[in-house]
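Colleague: coordinates only, sequence not included:
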């Protein structure tokens, strides 16, 4: 604050701490270290202070370090060398989780490798200093003019110094904070920039009280602008902030709007080896304009938080914290439900093309659909709606509701299955508990569940998988398996599903170090566990395969030869460098499994099979050669159709690129794949009792409206 006081807010416990600090002049910057255990503050009088922060987010009264400089302090940016905290790059999700405020048992001691404070800070007269982890500082650069911005590019170790005259100087940064000058350039623009930040891949962005954002791509030697639809003729962008984890650029405007852009460029593992037109996109074409949120009051500053889905907007008198709302979808037996607003769901029967609009009075955080019912829940309440048709009218009525804190639920016949603490409750549609499906202390707490035909499968936070038969009067436990005992590199269960016959289970798990995701396949009858390892599949299909390339727990290919093996080699190469996002079994064919896979992660790193980086550098020379000629290497997400045999061998039948207009894969019914769409509008009347609409051909019109609908794609 201008008074020198510092206030911290703990969003986990909704606590506010007001710290009477030693600052006596306006605070110019606040900078958290990447673990949230230290706070660095600097003020107008030239005082820089390093604070120790407890597990609740409260500052310790006595600072760890403080220094007085002769000029006002203006900027601060963290120094984040690679491997400074062991295996993880500082700022990674695994590091944030390990030392977040939510872990109140964390021990906060003196500054160490686990509590880094190394940073660069600057004074108003253009001098840049380096503060080491030991609390000592030194001068490392003196600019020719007053300081405007001090920016360190995450992961690249490139420091940018921008003066008030818009002169940019770039430096490479060593682990100990030494600077080596790379280049100097003059930034163009109509007005003096109010904010300059790094975004994406060596791209610098600025806003300068204009209606556009100006960007400089130093890697390509290009500069361009991003535009958006103005809500007022004199609306200008006042602040910008970039989320590197999500690739989203946020801008605040003078009219109180928050505008979002999604970075689309750089998704290919080998951009230099492909001539695809999507890789030749230039400038603004590499960004996609997303939704706009209206906050009414003019915005002075926007800032992404340490959590990936939190964005703070400062209007001067208030700070509003915005959280991302994921629109939920579910597809079951050719019936789908797509959330189109915080409190509305569209339910469509793909067999008849009929659509129901379900409007509710809760803030929807999850949805489950059957042919007769659709359930929605908010974390406080669950509501079940019955859908039917009478005289061409959509009839939607409440079949039951009850209070519950569940975050996951499913329906089978006339029962609701919901996760409550350490057990699964079996309830009537009105909420009466009929039965409990407990998990033992050693099995952990259930976190996810799903229903396929009359089988219920659940996964726990310790990696345990259990399956019940619901066709009997009382659910019967059919299968139980602790995955970490079979697959040590598997961690918490993110998603679990079984096929329509209950003979096979697929599980997406997070690796213990949070570096990636694994797909694990289980055969119930033979009690076999296998891991889908793209590198191992490619090695098996390769003519110069080596036995050491494949682990005993890796999924294998069936015995093939000639053209069939060559085709599998080509398809396997499309999976390299990708990790699973979602998985869907066919509703009638028990051997058909479709995966949604994205570039990134380290799903095979701990198996000793070429782990690692998003840029594909983990691939060995033999694998890289095959990957460079992939048809879909430039697409960030693909759908992979698999044929899973009884011995858990897999045959890849097709790889389909995910179009940019698709939001995600939500289901499969051979020969169709079901995707949710972005930015589409359906012509539904505004009243609650809506007319049932048959699906018109080409009903999806992109860039017109903010609703979503389903579209079917036939597998070739």
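Modeller: Ah, there it is. Quick caveat: nothing in here was measured; it's all calculated off a predicted structure.

Colleague: How much space separates the nearest residue to residue 586 once chain neighbours are set aside from residue 516?
Modeller: With Cβ to Cβ, 6 or more residues apart in numbering as the criterion, residue 586 has its nearest non-adjacent residue at 3.7 Å, and that residue is residue 592. For the C-beta atoms, the positions are set from N, CA and C on the backbone; glycine is no exception. For residue 592, the distance to residue 516 equals 25 Å [Cβ to Cβ, to the nearest Å].

Colleague: Residue 635 now?
Modeller: 19 Å.

Colleague: got any ranges where the stretch 401-550 of the chain has weak pLDDT?
Modeller: Across the stretch 401-550 of the chain, residues meeting the criterion (pLDDT under 70) sit at 544-550.

Colleague: Please, where are all the strands along it?
Modeller: Per DSSP state E, counting those that start in this stretch, the stretch 401-550 of the chain carries strands over the ranges 409-412, 415-420, 423-428, 433-438, 446-452, 455-460, 464-469, 476-482, 493-498, 504-510, 517-523, 528-531.

Colleague: Format these as TSV; extra columns: distance to residue 6.
Modeller: Shown next, in TSV, are the strands of the stretch 401-550 of the chain (distance: least, Cβ to Cβ, whole Å):
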stretch	distance to residue 6
strand 409-412	42
strand 415-420	40
strand 423-428	44
strand 433-438	47
strand 446-452	37
strand 455-460	41
strand 464-469	44
strand 476-482	46
strand 493-498	37
strand 504-510	35
strand 517-523	38
strand 528-531	48
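
Colleague: Looking at those strands, which is nearest to residue 257?
Modeller: strand 493-498 (33.9 Å; Cβ to Cβ).

Colleague: Can you check what angle separates that closest one from strand 464-469?
Modeller: 30 degrees (axes from the mean of the first three to the mean of the last three Cα atoms, to 10 degrees).

Colleague: by contact count, what packs against strand 493-498?
Modeller: Strand 493-498 sits against strand 446-452, strand 455-460, strand 464-469, strand 504-510, strand 578-585, with contacts defined as 3 or more Cβ pairs under 8 Å, 6 or more residues apart in numbering; DSSP states H and E.

Colleague: repeat that for 6 Å
Modeller: strand 446-452, strand 455-460, strand 504-510 (3 or more Cβ pairs under 6 Å, 6 or more residues apart in numbering; DSSP states H and E).

Colleague: The stretch 151-300 of the chain: strands as residue ranges?
Modeller: Under DSSP E, counting those that start in this stretch, the stretch 151-300 of the chain gives strands at 158-163, 167-173, 179-186, 195-199, 203-207, 213-217, 222-226, 237-243, 248-253, 257-263, 287-294.

Colleague: remind me which residues of this structure are low pLDDT?
Modeller: Those would be 20, 82-114, 190-191, 265-282, 306-308, 390-392, 544-550, 601-629, 679-716, if you go by pLDDT under 70 across the chain.

Colleague: Give the buried residues for the longest helix along it.
Modeller: The helix that spans the most residues within the chain, counting by DSSP state H, is helix 562-573. Of all the residues in helix 562-573, those buried under the rule 16 or more other Cβ atoms under 10 Å are 565, 568-573.

Colleague: Serialize these to JSON lines and add fields for distance to residue 71.
Modeller: Formatted as JSON lines, the buried residues of helix 562-573 follow (distance: Cβ to Cβ, whole Å):
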{"residue": "565", "distance to residue 71": "69"}
{"residue": "568", "distance to residue 71": "66"}
{"residue": "569", "distance to residue 71": "63"}
{"residue": "570", "distance to residue 71": "62"}
{"residue": "571", "distance to residue 71": "62"}
{"residue": "572", "distance to residue 71": "60"}
{"residue": "573", "distance to residue 71": "57"}
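
Colleague: What separation is there between residue 10 and residue 468?
Modeller: 39 Å.

Colleague: Comparing the two, which residue is more hemmed in?
Modeller: Each of residue 10 and residue 468 has its neighbours counted (other Cβ atoms under 10 Å); residue 468 has more, 25 against 15.

Colleague: Any chance of the backbone angles for the residue nearest to the spatial centre of the chain?
Modeller: Taking Cα atoms, centre = their mean as the criterion, residue 246 is the residue nearest the geometric centre of the chain, at 5.9 Å. Per-residue torsions, residue 246: phi -100, psi -10 (degrees, to the nearest 10).

Colleague: just residue 330 next, same as before
Modeller: Here residue 330 shows phi and psi, under degrees, to the nearest 10, equal to phi -160, psi 140.

Colleague: Quick one: list the elements packing against the longest helix of the chain.
Modeller: By 3+ Cβ pairs under 6 Å, 6+ apart, helix 562-573 packs against helix 534-541.

Colleague: Please repeat the previous calculation with a cut-off of 10 Å.
Modeller: When contacts are defined as 3 or more Cβ pairs under 10 Å, 6 or more residues apart in numbering; DSSP states H and E, helix 562-573 packs onto helix 534-541, helix 621-627, strand 637-644, strand 650-657.

Colleague: coming back round to it: please verify my assumption that the residue nearest to the centre of the chain contacts residue 310.
Modeller: No: using Cβ atoms under 10 Å as the test, residue 246 is too far from residue 310 to be in contact (11.0 Å).

Colleague: Find residues that contact each of the two.
Modeller: Applying Cβ atoms under 10 Å, 6 or more residues apart in numbering, one finds that residue 246 and residue 310 are jointly contacted by 304, 324.

Colleague: which parts of stretch 537-546 are buried?
Modeller: So, applying 16+ other Cβ under 10 Å, buried residues of stretch 537-546: 537-542.

Colleague: now the residues you listed as TSV including distance to residue 399?
Modeller: Formatted as TSV, the buried residues of stretch 537-546 follow (distance: Cβ to Cβ, whole Å):
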residue	distance to residue 399
537	45
538	49
539	52
540	50
541	51
542	55
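
Colleague: All good on my end, thank you.
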